[in-house]
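>>> sequence and predicted model, in that order:
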Amino acid sequence: MGEIIKIGRMDMKKGYVAVRFMTPMSGNQFEDKEYYFVNRLELKEEDVVVVDTKYGMALGIVSQLFDIYPIKPQLKGIILKEVIAKVDLTAFKARQELNARIDELKAAMDKRIADMKEIQLYETFAAGDPTLKKMLDELMGLDG
């Protein structure tokens, strides 16, 4: 990042980022238009950030990082608003993975139970019907 700003005993590097926003009109896709913000955080492209906009706080995705003021020289006098925070999605992604695994296990268990119920039903009826018992024995031999 670019210039260093001294605040008390801390040195904060100041850079700039381009951020894209998702809007309902974009079909929940990030728009191509980029907006520029001052950045004093450790960010990389594709990070989700909270930024201060003229409409209040908004979520966006970092599309570019700059060490120097990124826009046209004739606009250099414009005061850019700042990135407020990086959104850490680690816990959210972990929950999504956990829930997907839970759903996968439940589906496998439900299938196994359904298969076991089917076999139990066959065995119940085969106990009283020798023809059905012979067919079930053959089936069990084929299934392994």
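Structure's in. What do you need? Residues are numbered from 1 along each chain as shown.
>>> only C-alpha atoms from now on, for both contacts and neighbour counts.
OK.
>>> break this structure into its domains for me.
The chain is divided into the following domains under automatic domain parsing: 4-87, 95-143.
>>> reformat these as a markdown table; add mean pLDDT.
Written out in a markdown table, the entries for the domains of the chain read as follows (pLDDT from 0 to 100):
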| stretch | mean pLDDT |
| --- | --- |
| domain 4-87 | 81 |
| domain 95-143 | 93 |
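>>> tell me which of those sits most buried.
Ranked by average neighbour count under the criterion mean count of other CA atoms under 10 Å, the domains of the chain are headed by domain 4-87 at a mean of 15.
>>> in the chain, which spans are strands?
Across the chain, reading from the start of the chain, the strands by DSSP state E fall at 4-7, 10-13, 15-20, 35-39, 48-53, 56-66, 83-86.
>>> how far away is the residue nearest in space to the middle of the chain from residue 134?
A centroid search over the chain (CA atoms, centre = their mean) returns residue 93, at 5.5 Å, as the residue closest to the centre. For residue 93, the distance to residue 134 (CA to CA, to the nearest Å) stands at 52 Å.
>>> can you pull out the helices in this protein?
Secondary structure of the chain by DSSP state H: the helices cover 90-126, 130-143.
>>> and these as TSV, adding distance to residue 52?
TSV is the format used below for those (distance: least, CA to CA, whole Å):
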stretch	distance to residue 52
helix 90-126	23
helix 130-143	63
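>>> which among those is found nearest to residue 38?
Evaluated over those, closeness to residue 38 peaks at helix 90-126, with 24.4 Å, by CA to CA.
>>> and the angle for that closest one with helix 130-143?
140 degrees (axes from the mean of the first three to the mean of the last three CA atoms, to 10 degrees).
>>> counting contacts, what elements does helix 90-126 pack onto?
Using 3 or more CA pairs under 8 Å, 6 or more residues apart in numbering; DSSP states H and E, the elements in contact with helix 90-126 are helix 130-143.
>>> cool, thanks, talk later.
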